[in-house]
Every structure is written in structure tokens, then in C-alpha cells.
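Visitor: after the sequence you'll find the predicted model.
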Amino acid sequence: MPKLRMTGRGLWITLLIVPPMAFVALFIVYPILLAFAYAFFDWQGLRRGDFVWLENFHTVLFVEPYRSWTLNAFKNNVIVFFALMVLQNGLGFLLAYALWREMPGARFHRIAVFLPVVLSTIIVAYLFKLFYHPLFGVINISLRSIGMGWLAQPWLGQGNTALWGLIAAQAWHMVGFPTLVFLAGMQRIPGEILDAVRMETESEWVKITKIVWPLVAPSATIVFTLLFVGAFNWFELPYIMAGLDGSPFGSTDVLGLYFYRTAFGNVSAGQQDFGLGSALAVLIFIFIAIFATTLTIRLRRREIQL
Amino acid sequence: MSTASATASRKAMTYGDRPGMLASLGRDGLLQIILIANTIIMLAPIVIMVFSAFKTTPQIFQAPFSIPDFTQVGNFIKIWNETNFLRYLLNSFFVTGASMVLILTLGTMAAYAIGRYAFTGSSFILMFFLAGLTLPLKLAIIPLFMLMRDLGILNNQLSLIFVYTAMGLPTTVFIMTGFIRSLPNELEDAARMDGASEARIMWAIMLPLVRPAMVIAGIQNVVPIWNDFFFPLVFIQNDNLKTLPQGLTTFMGEYTTDWGVLFSGLTLSAAPIVIIYIVLSKQFIAGMTSGAVK
Amino acid sequence: MAQLSLRNIRKSFKSVQVLHGIDLDINEREFVVFVGPSGCGKSTLLRLIAGLDPITEGEFHLNGRLMNGVAPSRRGIAMVFQSYALYPHMDVYENMAFGARLMGLTPQEVEARIAEAARMLQLTPLLKRRPRELSGGQRQRVAIGRALVRKPDLFLLDEPLSNLDAALRSEVRLEIARLHQQLGATMIYVTHDQVEAMTLADRIVVMNQGRIEQVGSPRELYERPANTFVATFIGSPRMTLIPVTHAGEQLTLEGAGSVAPGQLPASPDGRLTLGVRPDALAITRATDGDEGFAASVIYTEYLGDNAYVYARLGDGTQVSVRTGPDVQFAADEAVTVSVRPGGAHFFSAEDGKRLVA
Amino acid sequence: MAQLSLRNIRKSFKSVQVLHGIDLDINEREFVVFVGPSGCGKSTLLRLIAGLDPITEGEFHLNGRLMNGVAPSRRGIAMVFQSYALYPHMDVYENMAFGARLMGLTPQEVEARIAEAARMLQLTPLLKRRPRELSGGQRQRVAIGRALVRKPDLFLLDEPLSNLDAALRSEVRLEIARLHQQLGATMIYVTHDQVEAMTLADRIVVMNQGRIEQVGSPRELYERPANTFVATFIGSPRMTLIPVTHAGEQLTLEGAGSVAPGQLPASPDGRLTLGVRPDALAITRATDGDEGFAASVIYTEYLGDNAYVYARLGDGTQVSVRTGPDVQFAADEAVTVSVRPGGAHFFSAEDGKRLVA
Amino acid sequence: QELSFWSWRQEDRAAYEQFIDTFEAANPGITVNFQTFEAANYNTILSTALAGGTGPDVMMVRAYGGLENVASAGYLEPLSTETIPALADFAAPALAAESVRSDGTLYAVPFASQTQLVIYNKAIFDANGIEEPQTWEELKALSQKLKDAGVIPFANGTATAWQNETVTFGLGSSLMGKDFYEGLMSGDADFTDERFTNAIGEVAALAADYFPDGFIGLDYPSAQQLFSSGMAAMFVGGSYELATFRSQNPSIELGMFAAPGATAEDDKLVGLYFDGGYAANAAGANKEASIKFLNYLASLEFGQAFANTLNNISTVPGVTFDNPLLAEVAELNQSSIPYLMLAHFRYGEPSGSVLIQGEMQKLFAGQTTPEAIGEALTTGLSAWYEPFKN
Ligand SMILES: Nc1ncnc2c1ncn2[C@@H]1O[C@H](COP(=O)(O)OP(=O)(O)OP(=O)(O)O)[C@@H](O)[C@H]1O
Ligand SMILES: Nc1ncnc2c1ncn2[C@@H]1O[C@H](COP(=O)(O)OP(=O)(O)OP(=O)(O)O)[C@@H](O)[C@H]1O
Ligand SMILES: [Mg+2]
Ligand SMILES: [Mg+2]
């Protein structure tokens, strides 16, 4: 490979690449590396103690109660990821498909589907909290009014419904994004290919699964990767809706909350421990980085086959 | 170029436009129902939020769906009187705007270099940005804080702009690299024959063509930046420099139990971006979906 | 094996009418080519036949069954698209198998049909490749193969060769002709290219602005074009049209002399349009008193086996004349252009309709 | 107004060598056409000349100045791309103005040049349209216009017509020829299409696999092809090559009889390749004792002004024979194919080089 | 000199501005810049600023374990009666709450105590002819009566985690009894003790019957709303709620009682704790002025103003409570045990608060038993609480 010449093309590429890299290096990588270093020290509250090698990692992974907290949060993240995959991306795909057909009113629907995306998480969180309100919530009121009061639940208070409540809110909030990305992908499919399929089948199902879906692979890459990273970094919505503790009893706890709570403490926990918090963050990062990279590479390969 | 998109959308239109067969009606009907249901689900919460902003808290609890008396603007007046709303709004515009300009500029620069030129280390650089996508920056708040202190931009909106820019770059580079890669080489060659410098090729020829990608990347970033209140909370203490979500969360902290005020605060903080979205929705969605341009 | 009848077919997109009443019958095993200038409605008509777009008005029967409203996949029709429209994510085998499987064939049958099609089209070694790994001609063959395995009664081909380079084009053209003979299926073929139309068609349908101008065998169209549109559209270089006045046996062109091409049709006001193809013209260096039109040479196109001389008549009309390959004229040289006996076509000066002598 | 000299130009992409030493001189005002099969390196060579890719080895002089390493925009060259490469976000005017402005012309001058080019190419009414609102032929003209306004010494055109339909193609071809005459600039034109090559070129460069096979005027190439590659590449339908043995005056084809086409070249082992173009063959219904090769008709292609009969010789070689439009042979009919005097080309059976009688 | 002063009490901003004006008037040359932060993020912000060396001169800090985080890293200025003489008269538990356990160093001037008890709506009690209950049975009976009358007996919800702790100890302290507390402290008892498990069992049973439908999904602000709007009769909460309810519904008439024990003879105990304190930055540039300001914050003048304006129980000795409600709280405080988890079990992970909150949520949802909770608390705390380690 030729060396990067500092003239002409080389200079120009350098000029393009250096400022953005500098930003990321200075404001993300450098502080994060410092913070990661915390993971190797023992902390007494805010005071940094001795260098303890991997002890913090050992603690969060293998010592109770941290071990079960870590597992619980991770398990919840996995649930969130797969649930959103179906609810957010799956629904997004379906909606994109419906919008793509340009039926009457499509323009209006298109604006509507994307509207929640521009709302802030705070708004969404508060709204859905109100919806899930056991007494005055829209959901329970509606259920009661159609005579299905026995279905009314304290949605956010039960271990088996709280996380799903949050997931639903998240899916509502963000479904517009995959929808439009998929829609953009679908509109790139050449009309003749669609005609070709129609010559061979009427089945909508075949068209979607065998043709449309494979052909929107580039959109899927963007959507999947961002969802993966987003799901494992999930913080804001559960934080506002369920609090830092992952209430009730950890059933909405996710890695983002857990690491934040561990590092910075919360009102009830009292203790804050940067060492453990950073160890968790490092582990989360490594996990996401490895999987996101693998995922992206695999998805990109799928694209390239087109 | 965009004839492709025109054809595609024309085909898409004729695609559904088949004669009155029962089956086809049923299927399109189903899709139409899904769309309408979805739209209701999408809009209802927003409508309820706006309605609630005009109600008192007991009214909200007793009749969450009812149409309020829109002249009852007490909640808004309270917010208006007790906060620096306009100032927060301007600050938010400034911070978000400046960050977006930087993100799109720098992000496009990096994506352009990675996507358009083959050079040693380009895939490493892409990985570098991808890694940035996955880092939990909240953890680094203390080093970041010290960094800002050393740069002398604590209590200065630059600190926010810089952090947001750095946070937005990875996604932007990720989304745009693929798009930029798919642009035809011949255009670049043509411009080169025309005597355009590399910079001008990028600026005058290639960038106008990646606008859809910029829209997608922009959306992906503008919303979290507009709504963020974590970093301002840490970096900004001067009330005159606060952003809207920060200012309002501080304010709403005092009204946790007054849902009416809360909702009017939420409505107010959502209003600017929602209005901008609706006004620009045509370009916005067109920009997004004309990703069809090949 | 398919017999089509189109009755007064009209098609509108929104308020724009694109087809203005098409009547056409196509027989079994016939190879019919639609030609016409861009935008005249060829593809639209083909898509109506395929069922991809709904017919606005009129009736389309296939083998006696009314087809309006029948789904494309149920018409027993296969279509080859201009851009081939291969599924980019499937290999050649899968591309061909896709439609066959959807017909409900057993896997063995699918396999057998693909093997047969692949052999016929020499695709066997390529079965595992993806479309992007194929050359244009190979893609074209895959597109045909995909249609073949469905064993349709009727093949529709929309400018299937227009994306190929010239060398490939004539090769694939031969292949299509051979295929038609082997399969004996009815084929409808859309093209811009007269060579394709002439060499492939049993009958050619010439369309213009949503109407059929003439239907006939290549020879009919070439030798007896129904009007000036068909006359100039078929044949390359195109027929020269010369507005002449008509006195006795003589046809006179203002300022360029006159010719007497034999028996003339009646024309009420003495005006007619004379049409002559390049091979029906002769060109000689101008000498005084020649019978023929005076012209000056523009330039000569050498094509190896013959050459075309382009010349301008006195009134500015440009004529093209076929000559032997060794004929050489200088630019601006004065020449005389004469019409070979039997080579003249006559059209009404008003509506361009053919006049019979 | 540009004079080019290429000396032993080689080009490699990574480890693959694509051009293997090209030597070529092009004179001022010349219209040179590069032809050759797909992938032979035509575009690559054009891009080296344009400066879009660096030359791996060898020297390229333009008007006596060494050009290796000079930026494309400083070579005084304009290029028209196969896909036109119009800037989709600019209107026609802007597309043309872009390069002109970059040359540092004053706004008035830019305006004047565009006005002139638009007039010449009949683009004046289209100046405010965007590329996607133009038809293929119009886009083509804009691409040329964009090159024109820069008033280059040298025009490079890479398959400029390959995206056009047949009707437009011949029209635009004429326009390009006219333009070359008007401008007097040197032009290098890449194409697959022999008709374009034959009709446009002052000289044709036939390339194959990164090497030049022959350089010469259309007539030279057609009449005296240097080898079998050039012989079959130029002319359509292609020249038939028949492997024959040689005894005295007679050329014999195993199992198909023999012909005596006149004076024969020396061939050491009595084997040579006989090449005959369709127009140099005559075909007659077979009667015993005919001089000529026995063949059976495959089929006949009617083209209006003449027809081509395709027939198979005894050894399976397929020949094409030009006949008048009215000749009709049934498929499988036995015929005799004979060579017209002076119509035979001879090539070495070993290396395919032309043998002179 | 300009002092910066940080607080998480956003709702008290106006009052503090007033106190500061008083201070500034008395101390010309010193200005105090009061800043408030969202309570939930206060920890993060304060830690970050202190670690970054740009912390405020004076700040509100949490008590107990929360204090230790900050103090043990050396960010806070140690205080003593020499620098702040008024501290000498403060109650010992108040000072202990603001000291580091290991060496007893005091770091902050305590500002308020909070009491966990039952607040009720007098009008509703009167309308239904109900008196403050003397026994647990009476409490259940009156709840039933309210329920029959169509009033929600208790407004509380437990979806917000920390409310579980409040409910548990606000209702259960008397059931647990002082003996249990002392046994726990001396190491003779742990949470598997029947006195504890029975108490939480009773609390859960009461909640199941008399808290709102779906209370496990009801968050804190909604619960407050239920009570202040008069839809519910009682609210288990802290004395800090009094001000809130009054501001939400100025016409509401409040009463309060300590939740009763099993029999009328049992002590009626409230849970008492100290909220937090005012501390000075050890690295502050204006330490002298900060100390001056702390002295003001420890003064009777401030304490009185604090009690009067903010309706909170100031820890400054000698403060009198004009507000009858506050006076009543002060009265009830005479018979109290410390708010257990906060005062003693927030010094390590997992903290007692986190455990009890999660476990009580499970209990309310019917997913665990009181005995299992006792077990879970004891083993959970044994991770760091020495007396349980065996
Ligand atoms: N979906 C549509 N909506 C509106 N107009 C249409 C549509 N499809 C085709 N047209 C118009 O109908 C006319 C005929 O189009 P068609 O595609 O059939 O032409 P064509 O003969 O196939 O031309 P070409 O040779 O360029 O393919 C054109 O004027 C075209 O603009
Ligand atoms: N950037 C490149 N990297 C590697 N190989 C290349 C590159 N560009 C061209 N080639 C190879 O060089 C050879 C010549 O390509 P070139 O494009 O010059 O062919 P061409 O004669 O223009 O063909 P066509 O008629 O199909 O345009 C081909 O084999 C091609 O695969
Ligand atoms: Mg068409
Ligand atoms: Mg090429």
C-alpha cells in the first residue's frame, strides 16, 4: 500500500478525516478511556483507591448480589432487543409496506407515523405513564368501558407487565424511524422487479418474504444495527417511567440503568462505586461493540450479495 | 437518476390500483385499516397531551379524553411567567442548530473520505466511528466534565455543542458512508474533467445527491439533541444558558403532581419541533424517501 | 398456443388517455412485433395484456376467455422485461425456480424444467451465479429462461435487447427466433428497432400516439406502407418524402427538376407526396439534361458492403441514396438523383395515406 | 487541433495488466474510433488519455507535451460519458456552465458559449429543464454541449450512443459527424457498434484483450483486415470463416465441395482460412455439378432492401449470404454457395494473419 | 465574595432566596448564588462537579450513607463546634446523621428531620364519624368503613420504588416495636425476626384490602394527587408531604397519627430520620464566607424561618412551630424509632432500602412471603453488614 502522501489527494483526505476524528477522539474516546480506567481501581465513594486489576469485573460478573443483578439486567435487555425487533422493526416494515402502496391518504399517514419520533422521551414517558395509570389510565378505562374490566391491570406495577409496558411505549415512540428507512428502501426497488413477481404470483406473502424483504437489505442493516445499539444502551425511557431501580423489583432493570445507578448511586442505594460502574460499562461496551460489528458485517455482506 | 424514483413510485401506484377483485380489495382494505389504526394510535397520545395541557389535574384524571376548554390557558401562563421559556427556546435552537451543522458537516466529510476514496486505514477509521456509536458516554461524565473545565467551556453552550457533535458523528458516518459509496463514479469523473477540484466535486456535485442520507442522519440526531437534558444539567448552570428540556425539567420538578402544568410544559417543549416537522414534512419525507434516487 | 383478441382497448392514466381504441387479433403461434416511436403506448398495451395495469375500456380475450380483471399470474403469460428484472438476491437457478415453484410443480418437475431451459439457453454452467456476475447477454438469457420454465402459452417481451451491445444483440436475436420455432408459443415483442422487427416478426404492428397505424407482415409494411408514418418508420435509412406536383407523367419538384416514375395515382389538386427508399434511388454526377432531381451531396457514409450518399434537393429536402461501396462523391458536388422504376410510393399530400397508382 | 502520441502505454489494476503496450498516433482534427469487444480496454485507454486514471507505464504526449501526471482539467480535453453523467441536480444551463465557470471565464463569456452550444445542438428551449425531464437523445445532446462549451482541443466520447434507441441513435450519429466537421476538433470515440465506427471514423482502432489489432480507415479494415479477429469484428453480419485445404486453384472444404476464387496465397501445409463476407457470396438452388460449397438453408432474414440467408456448410460452419429482398428459400433446402470473384480473404490457418495472394 | 450554594430542593427556591436575602443583609460583601438541580440527578451532578474541582462553596448533602460518599473522598470541610458553635446544642442523632461513622467527623449542618406517619383528611374522617385509630384492628375497621362509603381508604401506590419503604415503615413501625429495633441494633435480632415479618405481613394485607385498585401500578405523584384531591382519606408518608398537600389543595384539612400497634398499649411509633445537611466545600475558595453562611444556616433565626416558611421540622434546637401541624409532628416525634433502612442500612451494596423496596413490591404483587423477605434482607445485607455475617 502506498504511504499517505501529505500532498494533493492525501492532504485532502487528511483534511476531511481529521476534524471529525478529532471530535470523536477528544469528546468520546478520550474521556471514555479515562472512565474505563476507573474500572481497575477500588473506589470508596468518590475517592479513588488502589489499583485492583480485574477485581471489579470479577465482582459484577461473579459475586452476589451483583451477579444476579447483572444477569437480570442483561436478560431484560435481550428481551427488549427481540421485542423491539418485532414490534418496532417488524411493524415498521409492515407500515412501510402499506405506505408504499400509495393508497389514498398515504401522505397523511406518513406524516403521522413519524410524528412521535420527534417527541422527546420525556413526553413519551409521561404520556404512557398516564396511559398505564391503574385508575385513570386510558387503557384500563377503555377496558372497563367495554366490559373487560377483568383485564385491567396495574400495568407498570407488575413484574410481568411492566417491561412490556415500557417496550410498547418505546415501540410507539420510534416505529416511525424504521418505517421511513424501510420505505426509502422499498422505493429503491425497481418497478420492473415488482411487475416480474406479479407475473408469477398474487400472494402478498410471497412477494414480501421472497422479494421485498431481501431487497431492502440495506435499510435493514441501518435499522437493525441502530436498534441493537439502542436496545443495549436503553436508558432514558425506563429511567423516566420506572425509575433508576428498575421498579418493580428489578423487572424493568436494564444495563443502562444498572450501570448508571452503580456508578452514581441513587437516593435509595446510598453507595456510589465508579469502579463497579465502570467495569459494567466496559463490559457493556465490549459486548455491544463485538455484536454490533459482527451484525453490521454480516448484514453488509448480505447487501453486497445484491 | 430520479426517473428511477418516478418510475418506482408510478409503479408503486399502479401496483395497488387493480380492478375490483374481492381479494385485492380485501387486502388493500386490510392495509388501509392497519394504516388508519396506526395513525390513530400515533396521534391519540399527542392529542391527549395537548388536551391535557388545557386542563386542571383533576380534570385530567376524571376525563382524560374529553375536549377541554381551550381558553383555559392558566397552565401555560404559569410556565410563561415562572420560566425563561423564550430564552430556553432560543438556547435550544442555537445549541441544536449549531450541533446539527457541525454533525452534518463533519459527518459528511468523514463519510465522504471513507466512502469515496480507497486509502490505507479507511476501514479502520470506519470501525473507529462505529465504536463511537456503542460507547456509553454517560459513564464518562466526570472526565468529560474535567475536559470541559480545562477547555474553559463549562457553563458555555460550546460544551454542549461539542459533546453533541461528537455523539452524533458515529451514526452520521455510519448512515452516510453507504449512501455515498453508492453514488455513480462517472459523475465524479465528469466533474473532474470539468476542472473541479476535489473539494468542489464534493461540495457542488456529490453533496446535493446525498441529501436524503443527510435527512435520515439529521433526524436520527436532531431529536435526541433537542430533547437531551442530561448534559446541560451537568455542564450548564447559568439560567440564561439553559436549554428548553433542561429549563423545563428543572421547572417541572416543582410541579411533579400538577399534571396540567406538566402537560403544558411538555406541549410547549414539543411544540417547536413538532411544528417545524409538520411545516417541513413535505421536504422532510421527500428528502427521506427520495433515497430512491440511484 | 394462445389466441388473443383485443377489442377497442382504451387506457387512461388519470385524465390522460394513452391508448385510443386498439383492435387487434393475434393468432396461435404467431410472432407479433409492436413497433413505434417512444411514448406511443407499446409498453402500456403490453402491460394491459399481461394484466399489470387494468384496462380502462374495451375487452381482452385470451383463448376466448375474457381476461379483464384476471390476475397476471393466472393468465398463463410470461413476460421478459427490458431491464430483465432478475431477482438480484437469487442465483440463476433460484430465479428460474421461483415462478415454477409458485405454480405448484413438484421439485422434480421444477428441476427438470430448469435443466431443460438451461440446456436450451446454454445456461447450465451459470446456474449458481448471481445476476450481477453475469454479462448482459447472459442476463438476457436468464430472463428468457425464467419465462420458459413456466411453459406459458404467451410470451411478452418488452424491448428485451435494448440493453445489449450491438454484437450481442444480433446473437440473441437469432436465439429468440430459434426459440419461437422450437416452442411454438405465441410471442408478442416490443421494440424500437426495425431490424429486429423485420427479422423476427410474422406480423408487425406499427403504433403511433396510442393508435395502430398498420398491421402486416414485414414485407407488406416495407413494400406497401399504409401511410407516410409507416413508410418512414420502417426501413433504414428512412424513406425520403418529396412533396411534388403532378402534371401528366411528370412529377416536378420546385427548382429541382422532375422525374417520371411510371404510372401515377390520381390526385385532385395535382399535389402528392413521393416516397422513395435509398435503394430505389440512383445517383449520378450531374450532367445537363439528365432526367431526375438536381441535388448537391452532403456527405457519404461508407458501410463496407455499400454506402449511403446524403444529398440535398433544391427545396432543402434531404435524400439518402444507397450506392455501391466504391462510389465516391465530394461534398457539395452537384448530382442528379433519379428514381428506379417501380421504386416509387405515393401518398396523399393531405393526410399522408397511401395512394394506389 | 490536438495531436496525440501514445508510446508503449501499459496499465495495470493491482496485479492485473489490462493494457499491454499501446502505440498510437492521432493527428489533428482526426476522428478516431476505438472498437473492440467488451472488456478489451477501450474505456481504460480513454480514461488514461483523459487523465482520470494514472498511466502505469509508457508515455502520452499531447501536442508534444508529456501528459503523464497532468491533472485532467489541465489537458484541454473534454469527455462525454456513456451514461452522460449529467449533474442531476442542475438544470441544463447549469450543467453546461459548471465547467465553463471553472475555467475562469467571465459570466458574459460563459453565457455566450452556452448560447452558441445550445443553438448548435438545438437545446435552447430546454435550458431550464433538469436532466430527468429530458428524453435520452436530449440528454445526450446536453452531455455533448457540456463538452462543447469548454472548447476543448480533444473530445473523448465513451459509447455515447449506447443508451439510445435505434431511431435516435442514427439521428445523433449524424449530429456528431456534423459537429466534428464544424468544430474541427480531434475526437476519440469508443463504441461497440460497427455501423457507428464505419460511418464516423477517419481511422478505426480495433482493440482486443488490451492490444491493438489493427489501425486503419474503415475501408482498409473492411477490405484488408489484418487478421481473422478484425475480419469478423468489422462488418455485419460477420464474415464467414471457412477452413479449407488448398490444392492448385481449388479450395476444398471437407464434404462440401470446392471453389476456385482466383489467385491464391502460398500456404506451407496447404491449409488456410477462407473468409467471405455475406455480400461476396452467391447462393443458388443446388443442382448437380455446381461450382461451390454445398449447404443447407437454416433460415432467411428479410430486411426490406435486401435479405440474408443463413446456411450451414457440410462441416457445420454457418455462412450468411446477402441476397435481394425477394429471394425465398425454404428451411433445409439444399443450396450451393459460391464466392464472387475478388470477394475472398485469406488468412493463415495457424495465427489468423492475413495472407496476400 | 460570591458563594455558590447548590440544592436539590427545586420546590423551595423562593424560600431560599428569601433566607439568603436575610443573610446578605446581615453580611454585606457576601452574596450567595442559589442553584437547584433535579433531585434524581443531583448526586451525579454534585459528584461530577466536586471531582472536577468546580464544586459549589456550600451545598446540600444527603445524610447517612449518601454523605459518606462525598465526605470520605475529602471533598467536604469538616465542621466542629469551634467553627460553628451553634452545633453544640443540636440533637445527637441529627449530628450523627451528618457524620462519617468511622471517625465521627461531622461534615454538615443538619437542616430538617422527617417523620414517617399517616396523614389523613380530617373532613373525610369527620364526615364518616371516624377517629384516629388506637389499634391495628381499628385501623382496618375504619378503612373498611371508608371503603364501604365509597372513599379510597389509602391513597398510596407502590410503583415508585422508594414509596414501598415509606409505606412499610410508616405503617409498620409500631407493629415492629421498639424492642425489635433495639434487638436489631444490638445484634440479637435480624430481619427474620417474627416481629418484623409479622409487621410487614400485616402491612401487605392492609394494602391489599385498602390501597387503591392496582396500587402496585400507581406512582408517587398520582398517589399524592389522589389524596390531595380528596378521593382518598389517608396517605402514608413523610412530614414533608404536609406542605405539598397544602399547596396542591389549600382548603384541605389535614390530620395525622402514628400508625398503631397491635394493641392500644403498644407504643405508637413514627419513623424518624434526618434529611440532609448543609456542607462546605473543602477546596472552596471562599471558605471563610462559607463558614459564615453555615453559621447562619445553623442559627435559630434561620431554623425558625425555615420551619415557618417551608413547613418542615427544622433540626435547629429551640425552634417553635407556629403551624399546628408541625407542632403535632414534633409532638409525635417524641415517640419514634429511626427510619430503619435509611439510618442504618445504606452504607453498602445492596442497601437495605433497595432490598426492602424490591421485596415489598414483590410482596404486594403476591410473589413472595414475609418470611422470605426476612431471609432475603438478612442474607442480602450480610454482604456488607458485619453483624449479619456469620
Ligand atoms: N403510470 C402512468 N401514468 C401516466 N402516464 C403514463 C403512465 N405510464 C405511461 N404513461 C404515458 O403513456 C404514454 C405511453 O407510454 P408507454 O410506456 O406505453 O410508451 P412506449 O411506447 O412503451 O415508449 P418507449 O418506447 O419509450 O418504451 C407515454 O406518454 C407515457 O408518458
Ligand atoms: N478499476 C478497475 N479495477 C480492476 N479492473 C478493472 C478496473 N477497470 C477496468 N478493469 C478491467 O479492465 C478491463 C478493461 O476494462 P474496460 O472498461 O477498459 O473495457 P471496455 O473495453 O471499455 O469494455 P466495455 O466495452 O464493456 O465498456 C476489464 O477486464 C475490466 O474488468
Ligand atoms: Mg416502453
Ligand atoms: Mg467501456
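Guide: Ah, there it is. Ligands and ions are numbered 1, 2, ... in the order given.
Visitor: and for the residue in chain A that chain D sits nearest to, the neighbour number?
Guide: Taking Cβ to the nearest Cβ, chain D has its nearest neighbour within chain A at A:G8, 9.2 Å off. (C-beta placed from N, C-alpha, C; glycine too.) Here the number of neighbours of A:G8 (other Cβ atoms under 10 Å in any protein chain shown) works out to 10.
Visitor: separation between B:S66 and B:L268?
Guide: B:S66 is 21 Å from B:L268, where distance means Cβ to Cβ, to the nearest Å.
Visitor: so those two - more neighbours on which side?
Guide: B:L268 (20 against 11).
Visitor: and that one, helix, strand or coil?
Guide: Put simply, B:L268 is helix when judged by DSSP: H, G, I helix; E, B strand; the rest coil.
Visitor: what residues does the stretch 101-250 of chain B have near ligand 2?
Guide: Neighbours of ligand 2 within the stretch 101-250 of chain B, by Cβ under 6 Å from any ligand atom: none found.
Visitor: the helices in the stretch 101-250 of chain B, which residues?
Guide: Read by DSSP state H, counting those that start in this stretch, the stretch 101-250 of chain B holds these helices, from start to end of the chain: B:122-134, B:141-151, B:157-181, B:185-193, B:198-200, B:211-227, B:230-235, B:244-253.
Visitor: switch those over to a markdown table; also include mean pLDDT.
Guide: Output for those, formatted as a markdown table (pLDDT from 0 to 100):
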| stretch | mean pLDDT |
| --- | --- |
| helix B:122-134 | 80 |
| helix B:141-151 | 81 |
| helix B:157-181 | 87 |
| helix B:185-193 | 84 |
| helix B:198-200 | 85 |
| helix B:211-227 | 81 |
| helix B:230-235 | 81 |
| helix B:244-253 | 71 |
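Visitor: and those helices: which comes nearest C:Q108?
Guide: Minimum separation from C:Q108 across the helices of the stretch 101-250 of chain B (Cβ to Cβ) falls at helix B:157-181, 41.9 Å.
Visitor: could the helices of the stretch 101-250 of chain B go into CSV alongside mean neighbour count?
Guide: CSV is the format used below for the helices of the stretch 101-250 of chain B (neighbours: other Cβ atoms under 10 Å in any protein chain shown):
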stretch, mean neighbour count
helix B:122-134, 19
helix B:141-151, 21
helix B:157-181, 24
helix B:185-193, 21
helix B:198-200, 16
helix B:211-227, 22
helix B:230-235, 24
helix B:244-253, 24
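Visitor: leaving out chain neighbours, which residue sits closest to E:G303?
Guide: E:V316 (2.7 Å; Cβ to Cβ, 6 or more residues apart in numbering or on different chains).
Visitor: let's have the helices of the stretch 101-250 of chain B in CSV, adding distance to C:T273.
Guide: Converted to CSV, these look like this (distance: least, Cβ to Cβ, whole Å):
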stretch, distance to C:T273
helix B:122-134, 66
helix B:141-151, 85
helix B:157-181, 55
helix B:185-193, 44
helix B:198-200, 54
helix B:211-227, 53
helix B:230-235, 81
helix B:244-253, 77
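Visitor: before we move on, back to that, how about the residue nearest to E:G303, secondary structure?
Guide: Per three-state DSSP, E:V316 ends up coil.
Visitor: count of residues packed around it?
Guide: 27.
Visitor: relative to C:Q209, how far out is it?
Guide: Here the criterion is Cβ to Cβ. By it, E:V316 lies 98 Å from C:Q209.
Visitor: nearest to D:A147 among the helices of the stretch 101-250 of chain B would be which one?
Guide: Using Cβ to Cβ, these put helix B:185-193 closest to D:A147, at 8.2 Å.
Visitor: which SSE is E:A25 in?
Guide: Assigned by DSSP states H and E, E:A25 belongs to helix E:13-26.
Visitor: give me every residue in chain E lying close to chain D.
Guide: For chain E, the contact set with chain D under Cβ under 8 Å from any Cβ of the partner chain is empty.
Visitor: in chain E, which helix or strand is least confident?
Guide: The helix or strand of chain E with the lowest confidence, counting by mean pLDDT, DSSP states H and E, is helix E:340-344 at a mean of 76.
Visitor: what residues sit buried inside it?
Guide: Residues E:340-344 are the ones in helix E:340-344 that count as buried (16 or more other Cβ atoms under 10 Å in any protein chain shown).
Visitor: do the helix of greatest length in chain A and chain B meet?
Guide: Using DSSP state H, we find that the single longest helix of chain A is helix A:274-304. Yes: interface with chain B: helix A:274-304 contributes A:274, A:277-278, A:281, A:284-285, A:288-289, A:292-293, A:296 (Cβ under 8 Å from any Cβ).
Visitor: and for stretch E:62-77?
Guide: No: on the criterion Cβ under 8 Å from any Cβ, stretch E:62-77 is out of touch with chain B, staying 12.0 Å away.
Visitor: straight-line length of that stretch, end to end?
Guide: End-to-end distance for stretch E:62-77: 15 Å, by Cα to Cα, to the nearest Å.
Visitor: tell me which residues of it are tucked away?
Guide: E:62-73, E:75-77.
Visitor: what about the residues you listed, which are in strands?
Guide: Among these, the members falling in strands are E:R62 (criterion: DSSP state E).
Visitor: closest one to D:S135 out of the buried residues of stretch E:62-77, please.
Guide: Distances from D:S135 to these, taken by Cβ to Cβ, are shortest for E:N69, at 74.8 Å.
Visitor: how close does C:Q214 get to C:H345?
Guide: Following Cβ to Cβ, the distance that separates C:Q214 from C:H345 is 13 Å.
Visitor: could you name every residue contacting both of the two?
Guide: Common contacts of C:Q214 and C:H345, defined by Cβ atoms under 8 Å, 6 or more residues apart in numbering or on different chains, comprise C:P225.
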